[in-house]
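Novice: Here is the input, now give the coordinates:
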Amino acid sequence: MANRFVMSTRQAAELDHAFERNGWRPEDVKKLSEGNNLAAFLEVLHNKANIFPEPFLEFLATVNIPASIETLVVAKRFANSEDSFLNISWLSEYFKKRFYDKVEPPFEGSTLRYADVSFPDVHRGKFSSMQDVYDPIIGKLGGEEKAEVTLQEISSLVREQKNGEAGPLLTDRTSNIFYAEDAWGTLNHIWVNYVAFHWHIDSSPLVDQMLFPHLNGTCGRVFLRCS
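Specialist: Residues are numbered from 1 along each chain as shown. Next comes the predicted model:
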């Protein structure tokens, strides 16, 4: 058969050394060889398996975002200055790179829902990448279309709580989580945190193998579209 897998002597030796190096026992190898276990392991190896805890979302309320007749130029509205419109003292370089060329048209207003998100029985060091944490949230929200918000909406929320006032956004250093398209139409994570009396804004692509630094423990607050 043309597609029949044949393991070379060298590959067999590499596996033998790898099993020994990682503490495998003969009975572990036997178990791996049973049924479809190797197919399941291959899914994990190719990052296709859903092996991470399902997030718990506690939906809290809705918030109305007022209409705006202004065109939003991200590089101006999200300026890195404590005297800025939004009282931002820190912006990640990734956010500037991906969003500073973006311009959004006047905004007719909307209603967003928000929920506190947590991962039961896990701690922050459990996850190997940001994708491990956030992809399940998108699924829980109903997909990318429901999860996506605009910079107009994020700007309005931050403006209302510019100096840490009470409101939908968390102001205790815990991340407020958004999904928004960058200047190239690619959906990104955006984290908005209130730290030392000013706002910090960070962003990253959905697929990223960096360690995840943004959740306070395993909790945050996520915002999504109502309909």
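
Novice: Worst mean pLDDT across the helices and strands of this structure, which element?
Specialist: Taking mean pLDDT, DSSP states H and E as the measure, the helix or strand of the chain with the lowest value is helix 130-141, at a mean of 63.

Novice: Next secondary structure after that helix?
Specialist: Elements were assigned by DSSP states H and E; along the chain past helix 130-141, the next helix or strand is helix 144-147.

Novice: avg pLDDT for stretch 203-219?
Specialist: This predicted structure assigns stretch 203-219 an average pLDDT of 57.

Novice: Against Ser155, how distant is Lys97?
Specialist: Note on Lys97: its distance to Ser155, by C-beta to C-beta, to the nearest Å, is 19 Å. Bear in mind the C-beta positions are built from the backbone N, C-alpha and C, glycine included.

Novice: what about those two, which has more around it?
Specialist: In this comparison of Lys97 against Ser155, neighbours counted by other C-beta atoms under 10 Å, the higher total goes to Ser155 at 21 against 12.

Novice: Who does the one helix or strand His200 maps to pair with, and is each partner parallel or antiparallel?
Specialist: Taking DSSP H and E as the criterion, the element that holds His200 is strand 198-205. Using DSSP bridges, strand 198-205 pairs in its sheet with strand 88-91 (parallel), strand 187-195 (antiparallel).

Novice: Give the buried residues for the shortest one.
Specialist: The neighbour-count criterion (16 or more other C-beta atoms under 10 Å) identifies Ile88, Ser89, Leu91 as the buried residues of strand 88-91.

Novice: Considering these, which is situated nearest to Phe223?
Specialist: Nearest to Phe223 out of the buried residues of strand 88-91 is Ile88 (C-beta to C-beta; 17.8 Å).

Novice: Point out where the chain drops to low pLDDT.
Specialist: In the prediction, the chain carries residues with pLDDT under 70 at positions 1-3, 37, 40-41, 43-54, 82-83, 119-136, 207-218, 227.

Novice: From the recorded domain assignment, give the ranges for it.
Specialist: When the chain is parsed into structural domains using automatic domain parsing, the resulting residue ranges are 9-45, 56-225.

Novice: Tell me which of the ones you listed is the most buried.
Specialist: Of all the domains of the chain, domain 56-225 has the most neighbours on average by mean count of other C-beta atoms under 10 Å, namely a mean of 17.

Novice: can you give me the offset of that domain from its chain's centre?
Specialist: Taking the mean of its C-alpha atoms, domain 56-225 sits 9 Å from the chain's own mean (C-alpha atoms, centre = their mean, to the nearest Å).

Novice: How about stretch 7-22?
Specialist: Relative to its parent chain, stretch 7-22 has a centroid offset of 36 Å by C-alpha atoms, centre = their mean.

Novice: now do stretch 14-30
Specialist: Using C-alpha atoms, centre = their mean, we find the averaged C-alpha position of stretch 14-30 to lie 35 Å away from the chain's own average C-alpha position.

Novice: can you list contacts of it?
Specialist: Taking contacts as C-beta atoms under 8 Å, 6 or more residues apart in numbering, the residues outside stretch 14-30 that touch it are Met7.

Novice: Endpoints of that stretch, how far apart?
Specialist: Between the opening and closing residues of stretch 14-30 lies a distance of 17 Å (C-alpha to C-alpha, to the nearest Å).
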